[in-house]
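Chemist: return atomic coordinates for the entry below.
(chains A and B)
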Amino acid sequence: MHPVMAIAWSEVFNKDLIGPAVRIFALIFLGFPFILALAALVAKSTRRKLSPQANMLIRKAIIYFGTIVIFIAVLHQSGYRLTALLGAAGIAGIAIGFASQTSISNIISGLFLISEKPFAVGDVIQVGNTKGTILTIDLLSVKLRTFDNHLIRLPNEMLIKSEVRNITRFPIRRLDINLGIAYKENVEKVRKVLLDIAEKNEYCLDEPEPSVRFVNFGESALEFLFAVWCVQADYLKLQTRIMQDIKERFDAEGIEIPFPHRTLYAGSVTEPLPIRVVDGRENVPVENESAKTQK
Amino acid sequence: MEMDLWRPHRIEQDQCLETRIGPLKLWLRRNSDEIHIAAKYDKTTDTAKRAYPPRPAETQKFTGLDWGRWVCGDCDKVLLRPAAPDRPAVVRPELPIKIPSGQEALFFVGVPVWVQIGAGETGQVRLCEKPSVALSNIWFGDPMSGELCYSLRTRARRSVFDAQPQPHRAVCPVTIHNSAAAQVDVERFCIHVAHLSIYPGQSRLWTNGVRITYKGEAENTQLEYSKNPPDYEKVDAVLTPPRTPVKKSFSKISLGSFAFFGGA
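Modeler: Model (predicted):
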């Protein structure tokens, strides 16, 4: 007889084995679809009541918990002694716990972030030097899309510890422009010109009103803070347009924006500083009258 | 008043029509099954009072226009309709008005109209709409939960017939009643213009009236949008219905969005 034929099929299809095998099959092929369907159903029913993050959390919790239950049930049906397994799992749990401190910290931080709601999917946030739009808020991390189209993963633990700036939480926003004006300029004229620029700019809101604050006597300039408001969506357009408007209008009005400079005084007792006049031809020094006289 | 503006106008194949509604100049050109539309604003003050219905024009001399194209099928007519602005308007009188307790005052506010452009006898194919004047934006309410509105500087006239009619503005009669114990300083108020219908009058366009009842700083401000045409001048049937009809004759609005601001 062929060796294969020698298998004792009666032993393979033993009554004691068929029952657990069917149950394992049912647990895997009916249990997982059931868990997925249950998670989807719960997520759908709570979609309007809960935030997207809380919704995602509930869905994942159902899937993870259900998977663990199925896994334990399958082991049980396979004849493993769960008490021994759980004892081993306890020892392994300590080892895994030490090894996965960061992950657990991230998960707990994620739960705090979801309950605190400092931001939501779609918000633009800034953490340190990183700025971008939130794509997902997961249990371990928050994923951002930067404006140059990079994906950045920020661990939840880091977000809990850091200062997070939510740029788009409120519908309107202020643009602050620091300006330096030459000391010779008339402050009142500068103020009027800036307010007129704001009034004529289509992205600038009439209220909250634009403001011009004279903040400091700087080293090289009178320093102003020009603050204008706009709706979130217009921020970049306003920034680009109003900067150009300021430059063009200041040029037209003859208002000088000085570059940093120093004025050197030689003192009243000293001779005036020597001046060398250079003509435009080949930068050849031209002697001044006093030099000619000395010759 | 130039009422011919708001009637259907025939547009032949490859013809260009030109029209003006106050500062807004419009060009409409028919090309096969398309209507091409261009708009331009004239900011000089004297043109604000001018208007003329669509008339044939040569497009060649209007270079630099920003044209848009709309597919409208076999349409040989175009219809212009005045409509209320698409966002609420914050009315800011040039001089703040003080209303003592128990008094009420009627103001006539000129609301710039949006021009809806449609194809067909009744304008059934909606093409686009253009504001008759470019308005600046203003935020009404607190910076966290207010709403974006158009800013409307007005003289808030007490008698409408003192002013020359402007073809691009519809006159909105606003009654402010102070039922609070203290005097109220009206520096600005917000009208949800989406609830306004436009009526053609003898000399100008009109909207239904608005009644604002101020009950005090801690109370809600009540707003009532009239469902009847104004009776300050004989008006015809409604020209344009409101964008959002008022469900109740009366609406109670929260203090945050409709409060009279005490100061800047």
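Chemist: most distant residue from the centre of chain B?
Modeler: For chain B, the residue at maximal distance from the C-alpha centroid (C-alpha atoms, centre = their mean) is B:Ala181, at 33.5 Å.
Chemist: need the residues of the stretch 101-250 of chain A near chain B, please.
Modeler: By the rule C-beta under 8 Å from any C-beta of the partner chain, the part of the stretch 101-250 of chain A lying against chain B is A:170-172, A:199, A:202-209, A:229, A:231. (C-beta placed from N, C-alpha, C; glycine too.)
Chemist: now do the strands in chain A.
Modeler: In chain A, the segments counted as strands under DSSP state E are A:124-127, A:130-137, A:141-146, A:151-155, A:164-166, A:172-181, A:211-217, A:222-231, A:277-278, A:285-286.
Chemist: how about these in TSV, adding mean pLDDT?
Modeler: What follows is these, written out as TSV (pLDDT from 0 to 100):
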stretch	mean pLDDT
strand A:124-127	94
strand A:130-137	91
strand A:141-146	93
strand A:151-155	94
strand A:164-166	93
strand A:172-181	94
strand A:211-217	94
strand A:222-231	94
strand A:277-278	76
strand A:285-286	49
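Chemist: what residue ranges in the stretch 51-200 of chain B score low on pLDDT?
Modeler: Applying pLDDT under 70 to the stretch 51-200 of chain B flags the ranges B:59-62.
Chemist: what ranges do the helices span in chain B?
Modeler: B:255-258 (DSSP state H).
Chemist: and if you look at the stretch 151-295 of chain A?
Modeler: For the stretch 151-295 of chain A, the helices defined by DSSP state H, counting those that start in this stretch cover A:156-161, A:187-200, A:235-253, A:289-294.
Chemist: distance of the residue most central in space within chain B relative to B:Val160?
Modeler: Closest residue to the average C-alpha location of chain B: B:Val113 at 3.1 Å, with C-alpha atoms, centre = their mean. B:Val113 sits at a distance of 16 Å from B:Val160 (criterion: C-beta to C-beta, to the nearest Å).
Chemist: ok, the residue in chain A positioned nearest to chain B - contacts?
Modeler: Nearest residue of chain A to chain B, counting by C-beta to the nearest C-beta: A:Asp206, 4.2 Å away. The contact partners of A:Asp206, taken as C-beta atoms under 8 Å, 6 or more residues apart in numbering or on different chains, are A:199, B:136-138, B:151.
Chemist: list buried residues within those residues.
Modeler: The neighbour count (16 or more other C-beta atoms under 10 Å in any protein chain shown) marks B:136-138, B:151 as buried among these.
Chemist: pipe those residues into CSV and attach distance to chain A per row.
Modeler: What follows is the buried ones among the contacts of A:Asp206, written out as CSV (distance: C-beta to the nearest C-beta, whole Å):
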residue, distance to chain A
B:Ser136, 5
B:Asn137, 5
B:Ile138, 4
B:Ser151, 4
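Chemist: before we move on, back to that, just the contacts of A:Asp206: which are in strands?
Modeler: The strands, defined by DSSP E, take in B:137-138, B:151 from the contacts of A:Asp206.
Chemist: make a markdown table from the residues you listed and add distance to A:Asn186 to it.
Modeler: Listed next are those as a markdown table, based on distance: C-beta to C-beta, whole Å:
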| residue | distance to A:Asn186 |
| --- | --- |
| B:Asn137 | 30 |
| B:Ile138 | 30 |
| B:Ser151 | 29 |
